[in-house]
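[1] fold the following for me, if possible:
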Amino acid sequence: MLKFFRNIRKRLLSESKFRNYFLYAIGEIILVVIGILIALSINNWNQNRQNEASEYAYLSDLLKDFEFNLERSDRNITKIQQIIPNLTSLLEQSALESPTMSVDSLNSSFTLINDMPSYNSTDRVYNNLIGSGDFKLISNTGLKNEIGNYYKAVDLIKLVQNTHELELVNSFQPYIIDNLDFQAVTLLRVDDYNIPPAIEEDKILQVLKDRKFRNIITLKLTILTDLLQQNRNLEKINSRIINLINEQIKS
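    Numbering: from 1, shown residues only. Sure, this is the predicted structure:
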């Protein structure tokens, strides 16, 4: 093909047809430009297909992570909703002249003071997206915004959980050690060993009406209420992200 065009140029020059040669040269340049544009279009089309395939793979994996995160927030909500009534019952018993709950039930309810439902986000795919620079492949702006909202909420719940852990170490456990029978209000299990039963199970009756006892319960309830709110917020965000991912995959 190139030899054919070269022969045309030689013939036009030999015949001194400069005007025709000039028009031919322009036409040849136009053909080259058109060829380049077609090649670029094909290359862009191939790149777009690769990007779409990568986005689909990322979205599929991202969906699994957020479905897992949704299950975790649901479990935490259920757990917290089980703990709160038990601790509230201790405050109610504290206000009575004589407790109506058995010592075992009182100790069992107080055991939940040590319970710390924690939200640990699964970020495997998100970290890959950020680390590789492929987050730009996610074409849905709404989805990107919701993921941003999600990680702001995760940072917030981490602060609440850190507060909970500090109170566990600095307030809850020291109170138990100083005022109660630790074995009676702690689920103590050691594999392959028989741990003797608690000796002073009724110690809880002696502190039931104390202001410090009620304050410890109230502090725990305050943290749990905050955790419940944060987990409910994460549950909503997780659900929205899952819906947006499903819509994007279908489209």
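[2] when you work out contacts or count neighbours from here on, use the C-alpha atoms and nothing else.
    Fine.
[3] now the host helix or strand of Q50: average pLDDT?
    Take DSSP states H and E as the rule and Q50 turns out to sit in helix 18-94. This predicted structure assigns helix 18-94 an average pLDDT of 81.
[4] next secondary structure after it?
    Tracing the chain C-terminally past helix 18-94 and defining elements by DSSP H and E, one meets helix 103-111 next.
[5] just give me how far that next one sits from the chain centre.
    The gap between where helix 103-111 is centred and where its chain is centred comes out at 34 Å by CA atoms, centre = their mean, to the nearest Å.
[6] which parts of it are buried?
    For helix 103-111, the buried set under the neighbour-count rule, 16 or more other CA atoms under 10 Å, comprises 103, 106-111.
[7] from the contact counts, what lies against the next helix or strand after it?
    Using DSSP H and E, the helix or strand that follows helix 103-111 in sequence is helix 124-132. In this structure, helix 124-132 makes packing contacts with helix 18-94, judged by 3 or more CA pairs under 8 Å, 6 or more residues apart in numbering; DSSP states H and E.
[8] just give the closest residue to S171, not the sequence neighbours.
    Nearest residue to S171, sequence neighbours excluded (CA to CA, 6 or more residues apart in numbering): I216, at 7.6 Å.
[9] got the angle for the helix or strand harbouring the one you found vs helix 103-111?
    Following DSSP H and E, one finds I216 within helix 211-250. Taking axes from the mean of the first three to the mean of the last three CA atoms, to 10 degrees, helix 211-250 and helix 103-111 form an angle of 60 degrees between their directions.
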